[in-house]
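Engineer: Quick one, what's the 3D model for this:
(3 chains)
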Amino acid sequence: MKVVVVAGIPGSGSTTVLKGALVDLDYEHVNYGDVMLEIAQKRDIVQDRDSMRKLSPEVQKEVQREAAKSIRERAKQSNIIVDTHCTIKTPLGFLPGLPPWVLEELQPDQFVLVEADGDEILIRRISDTTRTRDMEKLQDINLHQQMNRSVAMAYAALTGATVQIIQNHDDQLDETVERMIETLK
Amino acid sequence: MKVVVVAGIPGSGSTTVLKGALVDLDYEHVNYGDVMLEIAQKRDIVQDRDSMRKLSPEVQKEVQREAAKSIRERAKQSNIIVDTHCTIKTPLGFLPGLPPWVLEELQPDQFVLVEADGDEILIRRISDTTRTRDMEKLQDINLHQQMNRSVAMAYAALTGATVQIIQNHDDQLDETVERMIETLK
Amino acid sequence: MKVVVVAGIPGSGSTTVLKGALVDLDYEHVNYGDVMLEIAQKRDIVQDRDSMRKLSPEVQKEVQREAAKSIRERAKQSNIIVDTHCTIKTPLGFLPGLPPWVLEELQPDQFVLVEADGDEILIRRISDTTRTRDMEKLQDINLHQQMNRSVAMAYAALTGATVQIIQNHDDQLDETVERMIETLK
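Structural biologist: As a prediction, this is how the structure comes out:
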């Protein structure tokens, strides 16, 4: 059984593509943040998602590690997709979504990066009125995607996992979903 | 004595450049796949190269690790060039050619990436009628070279080795060979 | 207390930006090379900076590791900025400035890369008559910055640290310093 990490920056459409692909595939779809929340609630250190970010860095790290361990455990029963981020853009810079204490426990077999052209992402974000997102410039979007490619290759060097890049261009969702299915099956 | 990894995507001309450079240099030239085959044959688990890919992933990993160890051993006697790939393009994505269990044993001192412009590589592949290769689009060629640069820098961060990029443009083989000699001597 | 690594290729203006930012911040500013020299002098193995490069690679490695350890120690008392290089361009290729034996001891919390457009850097280098620098072509400057981004993301994957990219364009020093302050405070 394998653990696959699927990632994409906001507006890449990674979740949409993944949902389309998983209809026909036998995977358990796991959201990393949800698993962290469950673990923190079991330990009785948070009530809800909002209080997660108030935890001290050390405790957050511990919960992250536990979450990774628990996900790897589940991979004994079924194939697992982890929906997460390669890097999170913070005011302090790009934060790796899979720091060493997570990567060691999670031991992913495959990374899939869903991308789109910078301008496609820009327009998708503007059109999405359901979320309030900080508007990024085209070059910031391109930089974020570039940094994700780099860090994904570093994760690959650290684990031996493969890295697939899937382009999710406008009006080609069927082809993109097909490509995702080919990659995951 | 040092271990140098030389890599380039198909059509980069890495092997040609390397052969030209090694005429004047004191290196043992090792093909990673050959060493793996030798080891598997000694263990009596395969007869020929074709059966190598039928080995289970665990056994392949073990053979890979053994090969790396044996190459590092040889570096006690002479300088070693390992001709291999930074990443291998597979249907599941870019597979790191030097996963952690190889890198730890091989401990390379230097990486040399031979590159060319995407269109040069495209035309070389089309002109090469001796091999049947899947035809890749220009952007796929460029992506593969970019991913190799990223993973090479990750290998460097993991080992402390240097990374040299050598451009092998059309009709400049002498200069390219000269640059390779300067890098290796 | 945190350890921040600030880096930029020659002509990026990283030191100028850093000096401007540190006026208003509570950081100890450490030059990696200076710390290495101190340690080597204490051990009585060198007299001056010039003899540092004559040390054997093994001894250099040992001194590098000691320097990293000593800097991390100081971070118990105050926030530390380490002014160093992501990669050093050598005749053998790009040498990682923070090889594993340094990274393990230093455990940086944050990387800040100061960049500028390739042509800005080219013209700054030409105008700087106080140093004799090997003149690099525009594409070499761009390549060096790209390799630094890649290796920085590998350092991030290895440590969990964030990576910030700050553009230091001509005639915008105040804005750049402001951005550095926001990143460091």
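
Engineer: can we go C-alpha only for contacts and neighbour counts from here?
Structural biologist: OK.

Engineer: For residue A:167, grab phi and psi.
Structural biologist: phi -80, psi 130 (degrees, to the nearest 10).

Engineer: how many neighbours does it have?
Structural biologist: A count of nearby residues for residue A:167, using other C-alpha atoms under 10 Å in any protein chain shown, gives 20.

Engineer: same thing with residue A:88?
Structural biologist: 17.

Engineer: So which bits of chain A are right by chain B?
Structural biologist: Within chain A, the positions near chain B by C-alpha under 8 Å from any C-alpha of the partner chain are A:110, A:112, A:149-150, A:153-154, A:156-165, A:182-184.

Engineer: change it to 6 Å
Structural biologist: Applying C-alpha under 6 Å from any C-alpha of the partner chain, we find that chain A lies next to chain B at A:150, A:153, A:154, A:157, A:158, A:160, A:162, A:163, A:164, A:183.

Engineer: Check what pLDDT residue A:52 gets.
Structural biologist: Note for residue A:52: predicted pLDDT of 88.

Engineer: Check residue A:151 too.
Structural biologist: 98.

Engineer: Doesn't it lie inside a helix?
Structural biologist: Yes - counting by DSSP: H, G, I helix; E, B strand; the rest coil, residue A:151 is part of a helix.

Engineer: Okay, it and residue A:12: tell me how far apart.
Structural biologist: 17 Å (C-alpha to C-alpha, to the nearest Å).

Engineer: Of those two, which one has the most company?
Structural biologist: residue A:151 (29 against 25).

Engineer: Report the spatially nearest residue to the residue in chain A positioned nearest to chain B, omitting neighbours in sequence.
Structural biologist: In chain A, no residue comes nearer to chain B than residue A:164, which is 3.9 Å away by C-alpha to the nearest C-alpha. Setting aside the residues directly before and after it, residue A:164 is nearest to residue B:93 in space (C-alpha to C-alpha, 6 or more residues apart in numbering or on different chains), at 3.9 Å.

Engineer: give the contact list for the one you found.
Structural biologist: A:162, A:163, A:164 (C-alpha atoms under 6 Å, 6 or more residues apart in numbering or on different chains).

Engineer: Am I right that the first one is in contact with residue B:97?
Structural biologist: No - counting by C-alpha atoms under 6 Å, residue A:162 does not reach residue B:97; the two are 10.1 Å apart.

Engineer: of those two, who's got more company?
Structural biologist: residue A:162 (26 against 20).

Engineer: Now do the contacts for that one.
Structural biologist: Residue A:162 touches A:110, B:93, B:94, B:95, counting by C-alpha under 6 Å, 6+ apart.

Engineer: and the last one, that one's in a helix?
Structural biologist: No - assigned with three-state DSSP, residue B:95 falls outside any helix and is strand.

Engineer: Quick check: bridge partners of the nearest residue to it once chain neighbours are set aside?
Structural biologist: In space, and not counting its chain neighbours, residue B:95 is closest to residue A:162: 4.4 Å by C-alpha to C-alpha, 6+ apart. Judged by DSSP bridges, the bridge partners of residue A:162 are residue A:110.

Engineer: same question, the one 5 residues further on
Structural biologist: Going by DSSP bridges, residue A:167 is paired in beta bridges with residue A:115.

Engineer: Could you report the pLDDT at it?
Structural biologist: 98.

Engineer: you'd agree it is up against residue A:118?
Structural biologist: No - taking contacts as C-alpha under 6 Å, residue A:167 lies outside contact range of residue A:118: 11.3 Å.

Engineer: In a strand, the residue of chain A closest to chain B, correct?
Structural biologist: Yes - Residue A:164: assigned to a strand according to three-state DSSP.

Engineer: Please give the number of neighbouring residues around it.
Structural biologist: Count around residue A:164 with other C-alpha under 10 Å applied: 23.

Engineer: about what we covered before: most neighbours among the contacts of residue A:162, please name it.
Structural biologist: residue A:110 (26 neighbours).

Engineer: lowest average confidence, helix or strand, in chain A?
Structural biologist: The weakest-scoring helix or strand in chain A, judged by mean pLDDT, DSSP states H and E, is helix A:49-52 (a mean of 87).

Engineer: for the very next helix or strand once past it, which positions count as buried?
Structural biologist: Downstream of helix A:49-52, the first helix or strand assigned by DSSP states H and E is helix A:57-74. Buried residues in helix A:57-74, counted by 16 or more other C-alpha atoms under 10 Å in any protein chain shown: A:60, A:63, A:64, A:65, A:66, A:67, A:68, A:69, A:70, A:71, A:72.

Engineer: Can you add distance to residue A:81 and pLDDT and give these back as TSV?
Structural biologist: As requested, the buried residues of helix A:57-74 are exported to TSV (distance: C-alpha to C-alpha, whole Å; pLDDT from 0 to 100):
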residue	distance to residue A:81	pLDDT
A:60	22	92
A:63	19	96
A:64	17	96
A:65	17	97
A:66	17	97
A:67	14	97
A:68	12	97
A:69	14	97
A:70	13	97
A:71	9	97
A:72	11	97
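
Engineer: Make JSON lines from these and add distance to residue A:6 to it.
Structural biologist: Listed next are the buried residues of helix A:57-74 as JSON lines, based on distance: C-alpha to C-alpha, whole Å:
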{"residue": "A:60", "distance to residue A:6": "22"}
{"residue": "A:63", "distance to residue A:6": "21"}
{"residue": "A:64", "distance to residue A:6": "17"}
{"residue": "A:65", "distance to residue A:6": "18"}
{"residue": "A:66", "distance to residue A:6": "20"}
{"residue": "A:67", "distance to residue A:6": "16"}
{"residue": "A:68", "distance to residue A:6": "15"}
{"residue": "A:69", "distance to residue A:6": "18"}
{"residue": "A:70", "distance to residue A:6": "18"}
{"residue": "A:71", "distance to residue A:6": "14"}
{"residue": "A:72", "distance to residue A:6": "15"}
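
Engineer: Of those, which is the nearest to residue A:87?
Structural biologist: Closest approach between the buried residues of helix A:57-74 and residue A:87, by C-alpha to C-alpha: residue A:64, at 14.7 Å.

Engineer: if I look at that closest one, how far off is residue B:16?
Structural biologist: 48 Å.

Engineer: In chain A, where is pLDDT below threshold?
Structural biologist: A:133 (pLDDT under 70).

Engineer: show me where it has strands.
Structural biologist: Secondary structure of chain A (DSSP state E): strands at A:3-7, A:27-31, A:79-84, A:87-90, A:93-96, A:110-115, A:162-167.

Engineer: Could you pull out the buried residues of stretch A:82-102?
Structural biologist: By neighbour count on 16+ other C-alpha under 10 Å, the buried set for stretch A:82-102 is A:82-89, A:92-102.

Engineer: swap in stretch A:16-27?
Structural biologist: Of the residues in stretch A:16-27, those buried (16+ other C-alpha under 10 Å) are A:17, A:18, A:20, A:21, A:22, A:27.

Engineer: Could you single out the nearest of those to residue B:138?
Structural biologist: Once C-alpha to C-alpha is applied, the member of the buried residues of stretch A:16-27 that ends up nearest residue B:138 is residue A:17, at 24.9 Å.

Engineer: What's the separation between the closest residue to the closest one other than its chain neighbours and residue A:32?
Structural biologist: Nearest non-adjacent residue to residue A:17, counting by C-alpha to C-alpha, 6+ apart: residue A:177, 5.4 Å away. Residue A:177 sits 22 Å away from residue A:32, going by C-alpha to C-alpha.

Engineer: cool, residue A:74 as well?
Structural biologist: Distance from residue A:74 to residue A:32, by C-alpha to C-alpha: 13 Å.

Engineer: What values do phi and psi take at residue A:46?
Structural biologist: The phi/psi pair for residue A:46 (degrees, to the nearest 10) is phi -140, psi 160.

Engineer: number of nearby residues for the closest residue to it other than its chain neighbours?
Structural biologist: Using C-alpha to C-alpha, 6+ apart and skipping the chain neighbours, the partner closest in space to residue A:46 is residue A:40 (5.9 Å). Residue A:40 has 25 neighbours, counted by other C-alpha under 10 Å.
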